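Peer 1: build me a structure from this.
(one chain, ligands or ions: 1)
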Amino acid sequence: METSYETIIIGGGVVGSSIAYHLSERYKEGLLVIDKKFPMSGTSGSTQAWVWVHSKTPAWYAEFSMYSAELYPYLAKKIGDVEYKRTGGLSPFFREQEREKAKRLAEEYGKIGIQIDVLSREEVLAKEPFFNPRVAGATFSLLDGNVNPFRLIDMYMRTAKKNGVHYSTYNRVTDIRRRNDMFIVVSEKGTYASKRLILAAGPWSRELGKLIGINIPINQVRGQILVTEPLKPFLRYTISGLRQANNGEVLIGYSMEQAGFDRSTTLDVIQETANLAIHYVPALKKAKIVRAFSGIRAMPEDGLPILGKVPGIDNLYVAATHSGVTLSPLIGTLLAELLLDGETSLPIERYSLSRFA
Ligand SMILES: Cc1cc2nc3c(=O)[nH]c(=O)nc-3n(C[C@H](O)[C@H](O)[C@H](O)COP(=O)(O)OP(=O)(O)OC[C@H]3O[C@@H](n4cnc5c(N)ncnc54)[C@H](O)[C@@H]3O)c2cc1C
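Peer 2: Below is the predicted model of the structure:
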């Protein structure tokens, strides 16, 4: 016996839950989110959670990220406080030769209306007095910030549920079949039929795609993060490398390793990350490290989001990306538009899965 839904979303991380919430604002048909564990158990619960715009390439991808960052204050009004802070973002450089590259970045971004300032050493230290005085400069943008990813997903889920969305957790999808125009989703807890299916499985996207015979070229890239004890607020900005959370903890690191789905933390990377922290902010030498965690990035083969309709299979959609925290309000908005209106208010064709064909 199957339970029927209009739409099923597989994956309840920040991407799947954002789509569920945004759809549920306008869509009162049956909507089910299935997750093999719990919605924060994947990448979305093991992230730095910068809402990061500046220094992304190509510039049109930064522009896309900017629209998402712009949605955050509005999102918070609708679903509640997600501890989003638009702190401004600093990307430091330590060699004077890098200033030319920073200026080129600022020039290129200026053409699409994103203002980036190239700061001198003195300007960096005026903004962030605890930064290493050996810094040569930094690029700076007012658009960057960070968010509490746990609150974000929790609020997406709570609001989606209030709007009638069903969640089925600890329920792995093991097979997906087609019967006439329907998707038959086989899971550990039962079989479901739906007209529309959205694949939002983050780093597991490739495996999930295989169940329905499509290639979603997402690789796994491990990242390890160090967390300090709560310190009194002393870092003002989101720095590409570390940030101070609302509770005072400093989250440090952006390592990248090929380790498949292995979520171990390792001493070599932890040491490198600790060195990075002290190099950037020497005062952190005295901070107590309370934990380290690692997460598995969902990394598309070309680094850019994979979004929208799956070519060749009607009513099948995919949303898989790195920087999913930054992009989640926009991805949810656009996927809801695509499903309900048949078109999106911003073009997403360049993010289509078809580019890998
Ligand atoms: C160390 C690190 C730092 C990062 N820093 C940032 C940052 O600063 N800013 C930023 O924007 N992004 C950052 N990211 C990336 C960001 O966290 C991810 O892009 C985002 O969390 C992806 O969300 P998701 O919902 O696609 O994936 P996930 O959160 O992984 O959710 C996918 C869900 O699918 C479920 N699932 C998978 N297979 C199945 C199945 N067969 N059946 C049922 N359920 C299934 C999983 O259980 C999981 O809950 C970082 C990532 C890492 C690892």
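Peer 1: which other residues reach stretch 177-190?
Peer 2: 2-3, 8, 10, 34, 36, 168, 170-176, 191-197, 212, 314-316 (Cβ atoms under 8 Å, 6 or more residues apart in numbering). (Each C-beta comes from the backbone N, C-alpha and C, glycine too.)
Peer 1: likewise stretch 227-235?
Peer 2: Contacts of stretch 227-235 (Cβ under 8 Å, 6+ apart): 128, 130, 242-244, 247-252, 281, 283-284, 287-293.
Peer 1: tell me the gap between that stretch and the middle of its chain.
Peer 2: On the basis of Cα atoms, centre = their mean, to the nearest Å, stretch 227-235 sits 23 Å off its chain's mean C-alpha point.
Peer 1: check whether that stretch contacts the ligand.
Peer 2: No: no part of stretch 227-235 sits near the ligand under the criterion Cβ under 6 Å from any ligand atom; the closest distance found is 11.7 Å.
Peer 1: for that stretch, what does the pLDDT average out to?
Peer 2: Here stretch 227-235 scores 98 as its mean pLDDT.
Peer 1: please enumerate the strands of the stretch 151-300 of the chain.
Peer 2: 166-168, 173-179, 182-187, 190-199, 218-228, 238-239, 242-244, 250-252, 289-300 (DSSP state E, counting those that start in this stretch).
Peer 1: okay, these in CSV with mean neighbour count next?
Peer 2: Below are the strands of the stretch 151-300 of the chain laid out as CSV (neighbours: other Cβ atoms under 10 Å):
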stretch, mean neighbour count
strand 166-168, 18
strand 173-179, 15
strand 182-187, 19
strand 190-199, 20
strand 218-228, 21
strand 238-239, 25
strand 242-244, 23
strand 250-252, 23
strand 289-300, 19
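Peer 1: output those strands in CSV; the columns should cover distance to Ala59.
Peer 2: Conversion of the strands of the stretch 151-300 of the chain to CSV gives the following (distance: least, Cβ to Cβ, whole Å):
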stretch, distance to Ala59
strand 166-168, 37
strand 173-179, 37
strand 182-187, 37
strand 190-199, 29
strand 218-228, 23
strand 238-239, 20
strand 242-244, 24
strand 250-252, 27
strand 289-300, 18
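Peer 1: compare those strands and report which one is nearest to Val15.
Peer 2: strand 289-300 (8.5 Å; Cβ to Cβ).
Peer 1: okay, the closest one in CSV with CA atoms only?
Peer 2: Extracted C-alpha coordinates of strand 289-300, given in CSV (Å, rounded to 0.1, in the frame of the first residue of the first chain):
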residue,chain,number,x,y,z
ILE,A,289,39.8,24.6,21.9
VAL,A,290,36.7,22.7,23.0
ARG,A,291,36.0,20.6,20.0
ALA,A,292,36.7,19.8,16.3
PHE,A,293,34.2,18.6,13.8
SER,A,294,34.2,17.7,10.2
GLY,A,295,31.6,17.9,7.5
ILE,A,296,31.3,16.6,3.9
ARG,A,297,30.8,19.2,1.3
ALA,A,298,28.5,18.5,-1.6
MET,A,299,30.8,19.7,-4.3
PRO,A,300,29.6,19.8,-7.9
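Peer 1: quickly check: that strand near the ligand or not.
Peer 2: Yes: counting by Cβ under 6 Å from any ligand atom, the ligand is contacted by strand 289-300 at 295-298.
Peer 1: which one among those residues gets closest to the ligand?
Peer 2: Among the residues of strand 289-300 next to the ligand, Gly295 lies closest to the ligand (Cβ to the nearest ligand atom), at 2.9 Å.
Peer 1: contacting residues for the closest one?
Peer 2: Gly295 neighbours (Cβ under 8 Å, 6+ apart): 43, 45-47, 222-223, 225, 263.
Peer 1: now these as JSON lines including distance to the ligand?
Peer 2: JSON lines is the format used below for these (distance: Cβ to the nearest ligand atom, whole Å):
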{"residue": "Thr43", "distance to the ligand": "4"}
{"residue": "Gly45", "distance to the ligand": "7"}
{"residue": "Ser46", "distance to the ligand": "5"}
{"residue": "Thr47", "distance to the ligand": "3"}
{"residue": "Arg222", "distance to the ligand": "7"}
{"residue": "Gly223", "distance to the ligand": "3"}
{"residue": "Ile225", "distance to the ligand": "5"}
{"residue": "Arg263", "distance to the ligand": "9"}
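Peer 1: which of the residues you listed sit farthest apart?
Peer 2: Gly45 and Arg222 (14.6 Å).
Peer 1: tell me the residues of the stretch 251-357 of the chain that contact the ligand?
Peer 2: Residues of the stretch 251-357 of the chain lying near the ligand (Cβ under 6 Å from any ligand atom): 295-298, 320-326.
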